[in-house]
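S.K.: Sequence first, predicted model second:
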Amino acid sequence: MPPHNNSRNTIIFIVIASIMLLAYSVFVMEPQTQKRRAAERAAAESTSAPVTAPPVSAAIFTEDRTVALGRNGARVPIRTGTLTGSLSLTGGRIDDLFLTRYRETIDADSPAVELFRPEGMRHAFFAQFGWSGPNIPGGVPGPATPWRLTEGATLTPATPVVLTWDNGAGLRFTRRISVDEQYMFTVTDTVANFSAQPVVVAPAASVQRQGVPANLGKNQVLHEGAIGTFGDGSRYSTTQLKYSGWAKKKGPDEHESTGGWLGITDKYWLAALVPQQDERIAAEFRVTDAGAYRVHAAGMLGEARTIQPNTRITETRRLFAGAKRNEILSGYEQSLDLPRFVYAIDWGFLFFLTRPIFWLIEFFYGFLGNFGLAILALTLTVRLVMFPLANKSYESMSKMRNLQPKMEEIKKKHPDEPQKQQQELMALYQKEKINPLAGCLPLLLQIPVFYAVYKMLFVTIEMRHQPFFGWIRDLSAPDPTTVWNLFGLLPWDPASAPLVGSLLGGAFALSILAIFYGLTMWLQMAMSPQAPDPVQRRIFQLMPIVFTFIMATFPAGLLIYWAWSNILTIFQQYIIMHRLKAENPIDAFLARLKKAKA
């Protein structure tokens, strides 16, 4: 076997085999394992005895939102162009929010996405603001404080509300809550001391999730859980704790920071606390075992402040509760001087590729008005950037294909002299000006771009529920047409099948897009030089089949990107191979067709 040709094929085999194994493990085996474990946990919880633990007993969970809202006392409605819900006067909690611009599914009558859920329901999720102060007569506001509404009736961008509470010992607390047109709440607390003694208080706030829903924190390529950016006022870094790692911590994860922000993030949604950016805070991520569930909390405590008699202090804090749109996070990052707020979106370790690719696809979308067409334009741009290198690579591959008969002659001429074979092959490569490893470069360069495109399609909410044409109604989800529902003719979701749903909807799903992608991959590989080793040749022949099944579980937008990239590659390869008169399957097919007609 020619050493250089063998090296090239070995490199290609190792790279592609590694991708296959990694993709199959992450996107097929891991989701199935997590789904089985979630079912086992749910079964264990359903048979366990009710356990009463703070802050709420699992025995009194209700699925009726109206009942849960009633348990939390009088409420103040919240209405904006992007949010609807209410806040509770008990504790002053913001605990009932829906994102009106987003739906749970692509159906027109699908309910709005729920962000916050009141305590008393399973998986309650809310934000709480208060004060900390030891040994203060009458106490300070906490989760059970009965606030009184003294100004406003409905919280809107034009009408803030004011709450008051008197602790009966000389301290009066006034809370003004406002909200903008997007997702930012501003909570301004004023504490007036009418007593004869000075008091020391510190502002506190937290975002809490009482139990993690089974569908969160399972994907290995996406961060969901605790997130925060901390620093000293000049340099900041972002901290992330996935739900699984967060729960394993024996104690709180603590940070000291000047400004910054912290909270809890899901794939598309974020609840984050934002202090004044010149304020020193102590932040922590804590998990508390409440028996049947765990309470995940992201909290912050401001600097202690002394309030002299007949004086008052004011503290301003903010809460972001909404969708992680790039332009919205960037806007707050600039207007509030928030460090790294846009990194609430999980751009991944290849952020230097993912973010520019996102900007580029947003640019194309502005012109074309369709994210599917924007993906096609993005693919064409990527191929144009790589064109010079790819052109040389495909020329080298075409020349290698033409040289295969001569290479076979060298092998037969010196069957037992590998050193002599190598010398003659090197002379042949130099004569023909061929680099036998050049064909690997486009493949290696496309791997990080492929991952960055996948990450961008998977994590950016701009791609969520975006249609293409025909049956592709959501580019961020897999193609819904599979062989099991006769490619969309039957109104049936194979993933819903009992026992085998995860296999029919995942590992054995064959969609129209996946089959088309597999055909383009087969044709592209058929145009490449054949591996001289029979085992390697057989593996390369099977790869399009294996990848067809693997890629069927990926978002439709990614399949469109990769299939269109294959088409452009095939076109470029064909032009070069036809010009160099290299044997290729397209010319062979056209020749057979011409002969048949004759």
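M.R.: That came through, no problem.
S.K.: OK, contacts around residue 104?
M.R.: Contacts were defined as Cβ atoms under 8 Å, 6 or more residues apart in numbering; by that measure residue 104 touches 110, 111, 112, 113. (C-beta placed from N, C-alpha, C; glycine too.)
S.K.: Please read the previous query as pertaining to residue 130.
M.R.: The neighbours of residue 130, taking Cβ under 8 Å, 6+ apart as the test, are 91, 92, 140, 141, 142, 143, 145, 203, 204, 205.
S.K.: Can you tell me the closest non-neighbouring residue to the first one?
M.R.: Meaning residue 91. Nearest residue to residue 91, sequence neighbours excluded (Cβ to Cβ, 6 or more residues apart in numbering): residue 143, at 4.4 Å.
S.K.: Tell me how many other residues crowd that neighbour.
M.R.: Here the neighbour count serves as a burial measure; for residue 143 (other Cβ atoms under 10 Å) it reads 17.
S.K.: shouldn't it be in contact with residue 88?
M.R.: No - if you go by Cβ atoms under 8 Å, residue 143 and residue 88 don't touch, sitting 9.8 Å apart.
S.K.: Put the buried members of the contacts of residue 130 into a PyMOL selection.
M.R.: The following PyMOL line selects those of these that are buried, judged by 16 or more other Cβ atoms under 10 Å:
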select buried, resi 91+92+140+141+143+145+203+204+205
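S.K.: Now rank the contacts of residue 104 by neighbours and give me the top one.
M.R.: The most neighbours, when the contacts of residue 104 are compared by other Cβ under 10 Å, belong to residue 113, which has 19 neighbours.
S.K.: Could you list everything that one pairs with in the sheet?
M.R.: When bridges are assigned using DSSP bridges, the partners listed for residue 113 are residue 99.
S.K.: Please report how far it lies from residue 321.
M.R.: Per Cβ to Cβ, to the nearest Å, residue 113 is found 12 Å from residue 321.
S.K.: got a list of what the spatially most central residue of the chain touches?
M.R.: Centroid-nearest residue in the chain: residue 459, 3.0 Å away (criterion: Cα atoms, centre = their mean). With contacts defined as Cβ under 8 Å, 6+ apart, the neighbours of residue 459 are 222, 267, 345, 346, 347, 348.
S.K.: Now, those residues that are in helices?
M.R.: Among the contacts of residue 459, none falls in helices (DSSP state H).
S.K.: of all these, which comes closest to residue 102?
M.R.: The closest of the contacts of residue 459 to residue 102 turns out to be residue 267 (Cβ to Cβ; 11.9 Å).
S.K.: And the helices in the stretch 151-300 of the chain?
M.R.: If DSSP state H, counting those that start in this stretch is used as the criterion, the helices of the stretch 151-300 of the chain fall at 243-248.
S.K.: Contact partners for the most far-flung residue of the chain relative to its centre?
M.R.: Relative to the mean C-alpha coordinate of the chain, counting by Cα atoms, centre = their mean, the farthest residue is residue 413 (56.7 Å). By Cβ under 8 Å, 6+ apart, the contact set of residue 413 is residue 424.
S.K.: Any figure for the gap between it and residue 515?
M.R.: Taking Cβ to Cβ as the criterion, residue 413 is separated from residue 515 by 44 Å.
S.K.: coming back round to it: lowest-confidence one in the contacts of residue 104?
M.R.: By predicted confidence, the contacts of residue 104 are weakest at residue 110, whose pLDDT stands at 91.
S.K.: Excluding sequence neighbours, find me the nearest residue to that one.
M.R.: Leaving aside its sequence neighbours, residue 110 is closest to residue 103 (4.0 Å, by Cβ to Cβ, 6+ apart).
S.K.: what about the strands in the stretch 351-500 of the chain?
M.R.: If you assign secondary structure with DSSP state E, counting those that start in this stretch, the stretch 351-500 of the chain ends up with no strands.
S.K.: in it, which segments are predicted with low confidence?
M.R.: Within the stretch 351-500 of the chain, the ranges that satisfy pLDDT under 70 run 399, 401, 403, 433-443, 484-500.
S.K.: One more pass at 90, please.
M.R.: Filtered on pLDDT under 90, the stretch 351-500 of the chain yields the residue ranges 379, 382-459, 463, 469-473, 476-500.
S.K.: mind listing what's buried in stretch 467-474?
M.R.: Residues of stretch 467-474 classed as buried under the neighbour-count rule (16+ other Cβ under 10 Å) are 468, 472, 473, 474.
S.K.: Kindly indicate which of those residues lies nearest residue 275.
M.R.: Nearest to residue 275 among these is residue 474, at 37.4 Å by Cβ to Cβ.
S.K.: just checking, that closest one touches residue 466?
M.R.: Yes - Residue 474 is in contact with residue 466 according to Cβ under 8 Å; the separation is 6.9 Å.
S.K.: Please settle this for me: is residue 128 part of a strand?
M.R.: Yes - the assignment for residue 128, made by DSSP: H, G, I helix; E, B strand; the rest coil, places it in a strand.
S.K.: Tell me how far it lies from residue 143.
M.R.: As for residue 128, its distance to residue 143 is 6 Å (criterion: Cβ to Cβ).
S.K.: Ok, residue 397 next?
M.R.: 68 Å.
S.K.: pLDDT (mean, whole number) over stretch 215-234?
M.R.: When the per-residue pLDDT values of stretch 215-234 are averaged, the result is 87.
S.K.: buried residues in that stretch?
M.R.: By neighbour count, and taking 16+ other Cβ under 10 Å as the criterion, the buried residues in stretch 215-234 are 216-219, 222-231.
S.K.: returning to that earlier point: between residue 128 and residue 143, what contacts are shared?
M.R.: Common contacts of residue 128 and residue 143, defined by Cβ under 8 Å, 6+ apart, comprise 91, 93.
S.K.: Mark out where each domain of the chain begins and ends.
M.R.: For the chain, the structural domains run 77-346, 356-529+540-592, going by automatic domain parsing.
S.K.: would TSV of these with distance to residue 62 be doable?
M.R.: Converted to TSV, the domains of the chain look like this (distance: least, Cβ to Cβ, whole Å):
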stretch	distance to residue 62
domain 77-346	6
domain 356-529+540-592	27
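S.K.: Would you mind saying which of those domains lies nearest residue 66?
M.R.: Of all the domains of the chain, domain 77-346 sits nearest to residue 66, with 10.1 Å by Cβ to Cβ.
S.K.: quick one: residue 77 is in a helix?
M.R.: No - counting by three-state DSSP, residue 77 is not part of a helix but strand.
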